[in-house]
Each structure stands twice: as structure tokens, then as C-alpha cells.
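> Generate a structure from the sequence data that follows.
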Amino acid sequence: MSDPYNLPKRTTPHWGLYQRKAFIEGTKGILPPFNTDPGKLEELAHEKLSAGGWYYASSNAGSSLTHRANREAFYRYKILPRMLRETNTRDTTTELFGHKISAPIMFAPVGINKIYHPTGELSVAKVAGELDLPYCLSTAGSQSIEDVAAVNGNGPRFYQLYMPHDDELTISLLTRAYKSGFDVCMMTLDTWQLAWRHDDVATANYAFYYGIGAELGLSDPVFQKRLKEWGIDPKKDPQAAGRRWIDNVWHGKAHTWDRIPWVRDQWKKISGGRPFLLKGIQTVDDAKKALEYGCDGIVVSNHAGRQVDGAIGSLDALAEIGKELGSNPEFTILFDSGVRSASDIFKAIALGAKAVMTGRLWIWGLSIQGEFGVRHVMKSLLADFDILMNVAGYPTIKDIDRKALKWMPYGSSYSEGSKL
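Below you'll find the predicted structure:
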């Protein structure tokens with residue numbers, strides 16, 4: 001289980017030794033805190049969460065057809081193992097927007113973490129900093145930008161913008177983010193209104209309307225000014241304040257391409273020219289338009305199947321976009337949606353992603369055991385990825401390209417333990 005006494009020198013930690021640690025501690029009667037198989041992880045989180053927390057984390061758009069398409073897309077691509085390759089000194093590092101990160105894995109932006117655990121985003125950002133993986137903070141976060149930055153330490157951190165139609169508020173959010181060390185901005189395009197999610201609607205499951213989770217907005221000076229203008233005291237009426245905040249974020253009023261130059265330029269001015277990305281791209285045409293409009297990259301994402309029901313799998317979109325634009329060194333492609341394992345990350349990288357986001361896996365870990373749960377899930381994922389590179393014969397991230405995969409449109413029927 002990986003001889004720890006004669007380890008080859010590597011530029012990254014020997015993540016795979018987390019497996020050996022589990023086996024060694026098992027001989028002393030100490031087992032891992034929980035099983036990280038996605039299906040079993042999901043079941044345990046379901047047991048731990050409140051009904052509202054579970055519904056919000058698990059609900060997909062409509063009939064969950066896009067979620068299913070996400071998973072089926074991964075199933076159709078198969079890894080081609082290569083034998084007798086020098087993988088002892090393998091390297092999982094990646095450079096992303098000037099940051100040298102320990103692996104091409106990112107913490108996806110996920111809102112209102114407090115409904116999963118009282119510490120919310122603080123636990124997640126802390127673990128991301130420890131592991132030297134990029135942490136992405138959602139505008140719908142339930143902790144202040146400044147507090148999240150403080151616990152993240154020197155870790156690379158990105159800010160995900162849900163852009164209000166209040167320009168002064170947008171500028172305030174971007175300024176706070178950059179001053180707090182969030183030096184990459186990604187604007188989410190697909191969620192200016194929540195999709196129809198049956199369980200959430202049936203249970204009126206919208207925590208912000210109950211005054212829960214609006215801390216990021218309530219700590220903003222411009223939004224505080226707006227509350228005074230509206231005559232709302234957030235301490236006396238947290239529900240009204242929460243409603244006003246989230247109605248500025250998920251406002252139901254579409255943005256169009258003609259707004260991109262303005263927000264891009266505002267971010268560039270505030271940050272001194274740091275990267276600006278668009279998140280939610282699913283077509284080659286939109287990816288090319290993002291490049292045309294001066295964006296530094298995109299996140300190929302369908303919001304994990306939570307926004308448009310009956311859409312294509314995000315990995316299928318990546319396969320097309322990566323083929324068209326993946327060779328452009330000035331345009332970075334990131335990936336999100338449907339990721340459940342190290343092999344999923346491998347496949348997304350092979351199809352053109354520079355780094356890959358995961359969300360639900362660490363949400364389940366946070367729900368089960370807070371900071372310790374997030375750490376266990378992510379260290380397990382890193383170990384899985386490190387070991388996969390070793391046994392499949394791919395010594396560096398650069399070696400993982402389209403030649404590492406075989407597309408198989410037909411085969412046995414798709415099935416797996418995890419429903420989400």
C-alpha cells in the first residue's frame with residue numbers, strides 16, 4: 001500500500017498515502033470517519049440533514065433529466081490505461097491564473113452552506129486553504145466575504161458573481177472580494193432565477209425568505225444603505241432583509257451580452273487586470289462569444305443539472321468546446337457539473353478542462369461532520385486521483401489528453417449507487 005520508507009521525490013504531497021493511513025489505523029481499531037463512496041456518502045448526508053437542507057442540496061431542475069445526462073456523459077467515456085510508464089515521480093500540480101495549485105481540483109461555488117452545517121463556508125474555505133486547492137465563494141454565501149477570506153489563509157480563492165441589477169451593489173461586492181484576496185471573478189450566467197425544483201417548491205424551501213443565510217449581503221455597505229432606504233431593520237425583521245437580499249441576487253431579470261463589457265471592465269479596474277470568466281457556458285457558439293467579448297475563460301457548467309431540465313450533459317458540452325478552443329493558451333476552460341470521482345476529474349481534464357470543480361461531494365462531507373467531513377472527503381478524492389494516475393500510467397497532468405479516452409456510445413445500461 002505504497003511503501004512510505006522509500007518515497008521518490010515529488011513536487012506535490014503523496015496524496016495516495018491517505019489510503020495507507022486508513023489501512024494502518026485499521027489495525028489499531030481506528031476506521032475512517034465514514035465511507036466516501038458517492039452513493040453511501042449521499043445516504044449518510046440524507047440521514048444527517050434537515051428536510052430543508054436535504055431538499056436544497058439534492059433538488060434538480062424538473063425531472064432531473066439534465067442531472068442524469070451529466071452522469072451518463074461520464075459513463076460513455078472510458079479511460080485507456082497505459083502500462084510500464086514512469087509514474088513514481090508523478091506530479092498533480094497545475095498552474096491556474098498564476099497560482100500553482102496542488103491538483104487540478106477546485107471547490108465549486110455553493111450558496112448558503114449554513115443549512116448544511118452551522119460553520120457554513122468557513123469550514124470549507126479552511127480545508128481548501130490547507131490543501132492548496134482553489135476555493136470559490138458564491139454571492140449566495142452565508143458568511144461574509146471577509147470572514148471567509150480570513151480562514152482561507154494564503155489559499156487561492158475566486159469569487160463567483162451573481163450580478164444584481166444594482167450597479168453600485170455589484171461594484172461593492174467586487175471591491176470587497178478583491179480586497180479580501182479573491183483575485184479571479186467568475187460571473188454565473190444560468191441562475192438569475194431558480195429553476196422549478198419540485199421538492200423545494202412543494203416545501204416552500206427557500207431559506208433566505210426565512211431570514212437564514214443572507215450574511216454576505218447583510219455585511220455589504222451598499223446593501224446596508226439600501227435597507228435603510230427601504231426602512232428595513234435586519235435585526236428586527238431578518239425575513240424582510242433576507243428576502244430583499246436574495247431578490248437582488250436571483251432577481252428573475254435576465255442579463256444580456258451587452259452587459260458583459262461593463263462588468264468585465266469594472267472587475268479589471270478593481271483588480272488591476274485579473275481574470276474574468278463566464279460560468280454556465282454549454283455551447284461552442286457561446287464559448288466563442290465569451291472569447292470575443294474579452295473574457296479570460298469560461299466554466300463549462302449546467303449548474304449540476306439544477307437549472308435547465310432536459311439539457312445536454314456538461315461533459316458532452318466540454319468535449320465540443322475543448323476541441324474548438326482548448327488549444328488557445330489565452331483562454332482557460334474550467335469544468336463543473338456531475339463530478340463524483342477521480343475518474344470523472346481525469347475525463348474532464350482529458351477533454352480540455354484546465355481544472356475541475358466539485359460541489360456535492362464536499363457538501364455531503366460538510367453535512368456529515370463539518371470541517372472534518374470536508375477534509376476527509378477531499379483528501380480521499382485527492383488520494384483517489386493520485387492513485388488513478390499511478391495505476392493508469394499517466395505521470396503528469398499534461399499527459400492526460402484526448403488520447404487517454406475512448407468514447408463508447410453503446411454498452412450496458414447506465415447505473416450507479418449515487419442518485420445525485
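
> Spit out the contact partners of Gly313.
Thr66, Ala69, Asn70, Arg71, Glu72, Ala73, Phe74, Asn302, Ser337, Gly338 (Cβ atoms under 8 Å, 6 or more residues apart in numbering). Where you see a C-beta, it was placed from the backbone N, CA and C, and this is true even at glycine.

> Look up how far Ala353 lies from it.
14 Å (Cβ to Cβ, to the nearest Å).

> cool, and Ser172?
Following Cβ to Cβ, the distance that separates Ser172 from Ala353 is 32 Å.

> Of these two, give the one with the bigger neighbour count.
Using other Cβ atoms under 10 Å as the criterion, Ser172 and Ala353 rank with Ala353 on top: 25 against 18.

> So that one sits against Ala317, correct?
No: contact between Ala353 and Ala317 fails when scored by Cβ atoms under 8 Å: they sit 11.1 Å apart.

> can you list residues touching both of those two?
Val300.

> Which per-residue confidence value corresponds to the most centrally placed residue in the chain?
The chain has Ala108 as the residue nearest its centroid, 1.3 Å off, counting by Cα atoms, centre = their mean. With respect to pLDDT, Ala108 scores 98.

> For it, give its distance to Ile349.
According to Cβ to Cβ, Ala108 and Ile349 sit 16 Å apart.

> re the thing from before, which one of the contacts of Gly313 sits closest to Ser271?
Nearest to Ser271, judged by Cβ to Cβ, of the contacts of Gly313 is Ser337 at 26.5 Å.

> what about the closest residue in space to Leu161 that isn't next to it in sequence, helix or strand, and which?
Among residues not flanking Leu161 along the chain, Met187 sits closest, at 4.6 Å (Cβ to Cβ, 6 or more residues apart in numbering). Per DSSP states H and E, Met187 falls inside strand 182-188.

> what distance separates that strand from the middle of the whole chain?
12 Å (Cα atoms, centre = their mean, to the nearest Å).

> Identify the residues contacting the following helix or strand past that strand?
The helix or strand immediately downstream of strand 182-188 is helix 198-202, counting by DSSP H and E. Helix 198-202 is contacted by residues Tyr55, Tyr56, Ser58, Ser59, Gly62, Leu194, Asn205, Tyr206 when judged by Cβ under 8 Å, 6+ apart.

> pLDDT on helix 198-202, on average?
Rounded mean pLDDT across helix 198-202 is 96.

> in the longest helix seen in the chain, what counts as buried?
Ordering each helix of the chain by length in residues (DSSP state H) puts helix 360-392 first. Buried positions in helix 360-392, judged by neighbour count with 16 or more other Cβ atoms under 10 Å: 360-371, 373-390, 392.

> Repeat that for stretch 330-340.
Those would be Phe331, Thr332, Ile333, Leu334, Phe335, Asp336, Ser337, Gly338, Val339, Arg340, for stretch 330-340 by 16+ other Cβ under 10 Å.

> Span of it from start to end?
29 Å (Cα to Cα, to the nearest Å).

> so what does the helix or strand containing Tyr178 touch, helix or strand wise?
Using DSSP H and E, Tyr178 sits within helix 167-179. Contact here means 3 or more Cβ pairs under 8 Å, 6 or more residues apart in numbering; DSSP states H and E; on that basis helix 167-179 packs against helix 145-152, strand 157-161, helix 221-230, helix 260-271.

> Show me which positions of stretch 21-34 end up buried.
Lys21, Ala22, Phe34.

> who's in contact with that stretch?
Met1, Lys40, Leu41, Leu44, Ile368, Gln369, Phe372, Gly373, His376, Ser380.

> how about those in TSV, adding pLDDT and distance to Lys228?
Output for these, formatted as TSV (pLDDT from 0 to 100; distance: Cβ to Cβ, whole Å):
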residue	pLDDT	distance to Lys228
Met1	51	61
Lys40	96	49
Leu41	97	44
Leu44	97	44
Ile368	98	40
Gln369	98	40
Phe372	98	41
Gly373	98	39
His376	98	44
Ser380	98	47
